[in-house]
Each structure stands twice: as C-alpha cells, then as structure tokens.
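Student: Predicted model and sequence below, questions to follow.
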Amino acid sequence: MEEYRKYEDKDETCVTIITYGLTSEKLIENLEQTLESCSKISNSKKKNILCNTIYSLKERIINSCEPNQKINSIYFYLMDESVKGEYILKDSEINVLNEYGFKNFIYRNESRFPIDELKDIFTNFDFLQIIQLNQQNLKHMKMNRYKQKELMIMKVSNDTQVIETIERIKKEQNMKDQKIIIYGQSQILNQLKTKIVKNTIINDENMTREEIWKLNEDEKMRDNLRYLEEKLEGLNNEKNIDLYVFGRIKKEIAEHIENYMLKELFIEERKIEILKTCVSEETLNFKIIPIRSLENGDIGDEFIKKYNGLMGLKYY
C-alpha cells in the first residue's frame, strides 16, 4: 500500500474501495449504486472524474472476474494520475475486518489515499477499555482510533457493582496505569464521581467514538504537560542547565540526535513529521513526548511560544 501514499488531489478524487466477502456480482451492484450517487454531485468536474473512476473499476471487475468469485481487495484509483491499483487482502486482514464489524463494501473519495488509517486498522491492537452506562445498563467495549468491539453487556443497580466490574476488567486485561473511560447518562455516574476510582476518566454524557478518542488524547496530553512542567522547573537549577538542548530541528536538535545524545525530546506535536524528515529513522531511539496546547496560556502554549516547541534532555 505504501506506493500510493505519495498521491494527492485537491478535488478529492483519490478513490479507495474496500471490499471483502462479496461476490463479483454483488460488488458490481454496489459500484452501480455508487455510480448513481456520484452522478448527483453538483461539481461537474468532480462528478465526471468520479463517475469515470467508478465506471472504470466496474468494467475491470466485469472483464477480469469470474461469476460468483469472492473479491477481497482494496482498490486505489486516481484517474488523473492513471493510478488503478489493487491490494489483495490477506486472510488475517479479512479476519480483522470481520471481527470489528466493518462493512463488506466501503467507498471513499478524498484528497489522499488513507494509507495510515488502513495500516492502523490491520496492525494496531492496542485498545482503550470503555464502559458505557445508560440508566442501569452497562456495556464494556474496547476501541482504538479506527476499531471498536463490544465485549460484554450487563445490568447494574449501583456504583459498587460498577467498581467491581472495573476491577475485574483491569485484572482480565492486565492493565497497569492505563485508564478506563466511563461515560453515558446514569445516576450511577453521579455516585461514581463522589468516590475515588483509580485510573478512570468519567464523563456524564453520551459520546461518539471520535469524542471518546479525543477525550483520551486530551487526557494523555495533560499527562505530557504535567511532565513538561516538571522538567521546565529543572531549568531553575544551574547544575541542570547543561542537560537541556534548545534550538532548531535541523540544526541543534538534529545534531544531538545524530550523535545519540538525547534521552528525551519534548516537541510540538505538529513538528514530529518534520523531525522524521531531518534525521535517520534508526537514530530515533529515545523517548519522544508530543506537546500541544489544550487552552490559551497553559504550559503547552508557553512552551511553543517561548521555546519554539522544542526541548531535548541529554543523558549526561
């Protein structure tokens, strides 16, 4: 899939189609429905490109696939660049799509092909543990950025039962400092808020998967900001000054990285991709702590403005 990463089109005509477990006939039906939807696009240029793209793929399936042949593929099409690629799904990848309830036919048109998302779907199995409480119904799920799976549903009548369930989940999932997110609309949530339940994040409203993910990312960033503040306080001790590295990515930071001198690097989140283009991958063998501001005037905001969002800590 990596060969498709380089392509980009501002008119969002990079077409990605994921299909698994469908016969060629059923895939053609889905493509015909997609073709009908594309024909209603108001932007005539975009409409023509996408219609031609879907038609081209439909003809390919008709001409190259046998009747009732199962199609398990990801198609990457960008007509302006004459890209007509096919990635054959492995059995393990098909199993992932099945297990996490992905639709058998997925159509997307965007400015770029979603390579990072696809790789994450097939290779990332680090999950958040989630509890949804609605009235007296408790649902336990696991999720990450692009996958979600329901693990258990049960009835609960009080916060004690919920706490017992949380402790059981921690033990079963071999969790250490990882936090469980609890959300929903239930009086039990109000009871939980009055108690100290270690390593939990509680939100008393229903949330989408995107909102849950953002909540978790913000919580992790708060931990990063607390750690950043602790390290910045070390600047007040003259004995520590020589341990700190400030400057530009391509100059001071890169030099210390290439010479394997850094133990940790605090870096503005959006600069991480820039960093990867400035140094060789094998030298990134230290802890990278991404930083972004969560609100105006916080320590992240100060770090970005005062230190250009870059601070390295040396081994000695």
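Tutor: Looks like it arrived, so ask away.

Student: What is the burial count for residue 159?
Tutor: 20 (other CB atoms under 10 Å). Backbone N, C-alpha and C define where each C-beta goes, glycine included.

Student: Isn't it up against residue 191?
Tutor: Yes. Under the criterion of CB atoms under 8 Å, residue 159 makes contact with residue 191 at 3.8 Å.

Student: tell me the secondary structure for the residue nearest to the spatial centre of the chain?
Tutor: In the chain, the residue lying closest to the centroid (CA atoms, centre = their mean) is residue 145, at 3.7 Å. What DSSP: H, G, I helix; E, B strand; the rest coil gives for residue 145 is coil.

Student: what helices or strands is the longest helix belonging to the chain leaning on?
Tutor: Across the chain, the longest stretch assigned as helix under DSSP state H is helix 209-233. Contacts defined by 3 or more CB pairs under 8 Å, 6 or more residues apart in numbering; DSSP states H and E place helix 209-233 against strand 128-134, strand 137-143, strand 180-185, strand 200-203, strand 262-268, strand 287-291, helix 299-307, strand 310-314.

Student: what's the domain layout of this protein?
Tutor: 2-122, 128-207, 221-314 (automatic domain parsing).

Student: How about residue 290: what's its closest non-neighbour residue?
Tutor: Nearest non-adjacent residue to residue 290, counting by CB to CB, 6 or more residues apart in numbering: residue 269, 4.2 Å away.

Student: on that earlier part again, please tell me I have it right and the residue nearest to the centre of the chain contacts residue 125.
Tutor: No. Look at residue 145 against residue 125 with CB under 8 Å: they stay out of range, at 11.8 Å.

Student: ok, residues contacting the host helix or strand of residue 19?
Tutor: Per DSSP states H and E: residue 19 is located in strand 14-23. With contacts defined as CB atoms under 8 Å, 6 or more residues apart in numbering, strand 14-23 is touched by 7-8, 27, 30-31, 50, 53-54, 57, 67-78, 89, 94, 97-98, 102, 104-114.

Student: for stretch 95-102, same thing?
Tutor: 18, 20-21, 89, 121-122, 147-149.

Student: Could you measure from residue 255 over to residue 245?
Tutor: 9 Å (CB to CB, to the nearest Å).

Student: Looking at those two, which is more packed in?
Tutor: The neighbour comparison of residue 255 against residue 245 (other CB under 10 Å) goes to residue 245, with 18 against 14.

Student: check contacts around the more buried one.
Tutor: Applying CB under 8 Å, 6+ apart, the residues near residue 245 are 252-253, 256, 261-262, 311-314.

Student: Drop anything exposed from those.
Tutor: Among the contacts of residue 245, those classed as buried by 16 or more other CB atoms under 10 Å are 253, 256, 262, 311-313.

Student: Test my guess that residue 192 contacts residue 202.
Tutor: Yes. Using CB under 8 Å, residue 192 is in contact with residue 202, at 5.8 Å.

Student: And these two? Which one has more around it.
Tutor: residue 192 (22 against 16).

Student: Please, which helix or strand holds the more buried one?
Tutor: helix 187-193.

Student: With residue 196 instead?
Tutor: Using DSSP H and E, no helix or strand contains residue 196.

Student: now swap in residue 12 and tell me
Tutor: Counting by DSSP H and E, residue 12 is part of no helix or strand.

Student: For it, the count of nearby residues, please.
Tutor: Neighbour number of residue 12 under other CB under 10 Å is 15.

Student: ok, it - contacts?
Tutor: Counting by CB under 8 Å, 6+ apart, residue 12 has contacts 46, 109-111.

Student: where's it relative to residue 37, distance?
Tutor: From residue 12 to residue 37 the distance is 14 Å (CB to CB).

Student: what does the model give the closest residue to residue 31 other than its chain neighbours for pLDDT?
Tutor: Nearest non-adjacent residue to residue 31, counting by CB to CB, 6+ apart: residue 58, 4.4 Å away. pLDDT recorded at residue 58 is 96.

Student: List the residues that contact residue 58.
Tutor: 28, 31-32, 35 are the contacts of residue 58 under CB under 8 Å, 6+ apart.

Student: Next: residue 120.
Tutor: 144-146.

Student: For it, give its distance to residue 144.
Tutor: Distance from residue 120 to residue 144, by CB to CB: 8 Å.

Student: Same check on residue 61?
Tutor: 32 Å.

Student: Please apply the same query to residue 295.
Tutor: From residue 295 to residue 144 the distance is 26 Å (CB to CB).

Student: neighbour-wise, which of the two wins?
Tutor: Using other CB under 10 Å as the criterion, residue 295 and residue 144 rank with residue 144 on top: 17 against 7.

Student: Does the more buried one touch residue 130 like I think?
Tutor: No. With contact defined as CB under 8 Å, residue 144 does not reach residue 130; the gap is 10.4 Å.

Student: Run through the strands of the stretch 51-200 of the chain in chain order.
Tutor: Secondary structure of the stretch 51-200 of the chain by DSSP state E, counting those that start in this stretch: the strands cover 70-78, 83-88, 105-110, 128-134, 137-143, 148-155, 180-185, 200-203.
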